[in-house]
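[1] got a predicted structure plus its sequence, pasted below:
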Amino acid sequence: MIKFYRSNYDEFNPDTNGGDITDIEIESGVANSFIPAVRPREAEIGDTRYFKFFVKTDEDILTIGVDIAKYTDSPTEEIYFAKETKSDHSDFESDLDKDNLRLYGGFKITDVDVDNKQITSDRDVTNFVKKDDWVTIYDDSYSRITGMNVDNVSDDGLTITFKLWTDKTIDNTMTASSSIYVTTLNKDDYFGIWVKEPISPYTEAMEDPLNEMVLNVWYDKK
């Protein structure tokens with residue numbers, strides 16, 4: 001079974017925000033279990049926050065992928081993922097090269113061109129979809145449909161061309177995400193992922209319903 005755990009969360013000190021795994025398990029569907037609430041002043045002036053979480057398994061796994069199967073509901077907040085930077089899980093926010101952080105993220109498919117092995121995105125994906133990435137496709141219930149390997153991304157960041165086309169049907173009701181891919185994860189081992197959360201000025205601090213995103217993990221057992 002895959003479970004998610006927090007690192008140390010500290011919005012006010014980048015030297016203590018992050019680090020190794022804690023015993024605080026992230027609970028699906030529980031408000032602010034994954035990411036703390038946006039504070040009113042933060043929502044007014046805008047901010048970019050970073051938090052680190054961990055993916056842990058109690059069985060031996062091959063080929064594990066982590067995706068943003070559904071980008072956020074909010075038009076003024078977004079979530080991106082990045083791999084931890086230290087193999088001993090000791091990296092803190094202060095260790096990150098934020099200007100050059102390799103990001104992974106989700107988007108909506110707006111058009112499909114099977115003949116040219118292309119999909120069109122609803123947003124510029126230049127910063128989080130790269131050549132040779134694995135892009136995972138999700139249906140409108142956020143169930144994994146398939147994945148494809150990226151050949152190139154257009155200059156405007158809206159068209160993604162793939163090396164080989166899937167045997168599954170893809171349409172414009174679906175979402176997709178560049179995938180963080182780990183080839184092996186042994187029992188009781190774990191790895192860290194940074195969350196980058198840009199918040200635009202004058203966002204909604206008290207949302208009802210709450211802002212929502214969907215994180216998905218897909219894997220093969222050994």
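    Now that the structure is in, tell me what you want to look at. Residues are numbered from 1 along each chain as shown.
[2] drop to CA atoms for contacts and neighbour counts, all remaining ones
    Fine.
[3] which residues of the protein fall in strands?
    In the chain, strands defined by DSSP state E lie at 2-6, 47-57, 61-70, 80-83, 106-113, 118-121, 134-138, 144-153, 159-162, 175-178, 180-185, 190-199, 214-221, listed in chain order.
[4] for residue 29, find the nearest of the ones you listed.
    With CA to CA, the closest approach to residue 29 among the strands of the chain belongs to strand 214-221: 9.7 Å.
[5] so which of the strands of the chain comes closest to residue 16?
    Closest among the strands of the chain, using CA to CA: strand 47-57, at 10.9 Å.
[6] tell me the buried residues in the closest one?
    For strand 47-57, the neighbour count (16 or more other CA atoms under 10 Å) marks 49, 50, 51, 52, 53, 54, 55, 56, 57 as buried.
[7] any idea which of the strands of the chain is most buried?
    Highest mean neighbour count among the strands of the chain (mean count of other CA atoms under 10 Å): strand 175-178, with a mean of 28.
[8] sorry, back to before: adding pLDDT, write the buried residues of strand 47-57 out as a markdown table.
    Shown next, in a markdown table, are those (pLDDT from 0 to 100):
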| residue | pLDDT |
| --- | --- |
| 49 | 97 |
| 50 | 98 |
| 51 | 98 |
| 52 | 98 |
| 53 | 98 |
| 54 | 98 |
| 55 | 97 |
| 56 | 96 |
| 57 | 93 |
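[9] residue 37: which of those is nearest?
    Nearest to residue 37, judged by CA to CA, of these is residue 49 at 11.1 Å.
[10] so who does that closest one touch?
    11, 195, 196, 197, 198, 199 (CA atoms under 8 Å, 6 or more residues apart in numbering).
[11] right, and residue 148 touches residue 134 too?
    Yes. Assessed by CA atoms under 8 Å, residue 148 is found in contact with residue 134 at 5.7 Å.
[12] spell out which residues are contacts of both of these two.
    In contact with both residue 148 and residue 134: no residue, using CA under 8 Å, 6+ apart.
[13] residue 130 is in contact with residue 104, correct?
    No. The pair formed by residue 104 and residue 130 falls short of the contact definition of CA under 8 Å, at 9.2 Å.
[14] between the two, which one's more packed in?
    Each of residue 104 and residue 130 has its neighbours counted (other CA atoms under 10 Å); residue 104 has more, 26 against 21.
[15] who does the more buried one bridge with?
    On the basis of DSSP bridges, residue 104 is bridged to residue 81.
[16] how much space between it and residue 131?
    To residue 131, residue 104 is 13 Å away according to CA to CA, to the nearest Å.
[17] and residue 88, by the same measure?
    28 Å.
[18] these two: who's more crowded?
    More crowded of residue 88 and residue 131, by other CA under 10 Å: residue 131, with 14 against 11.
[19] identify the residues contacting that one.
    By CA under 8 Å, 6+ apart, the residues touching residue 131 are 150, 151, 152, 153.
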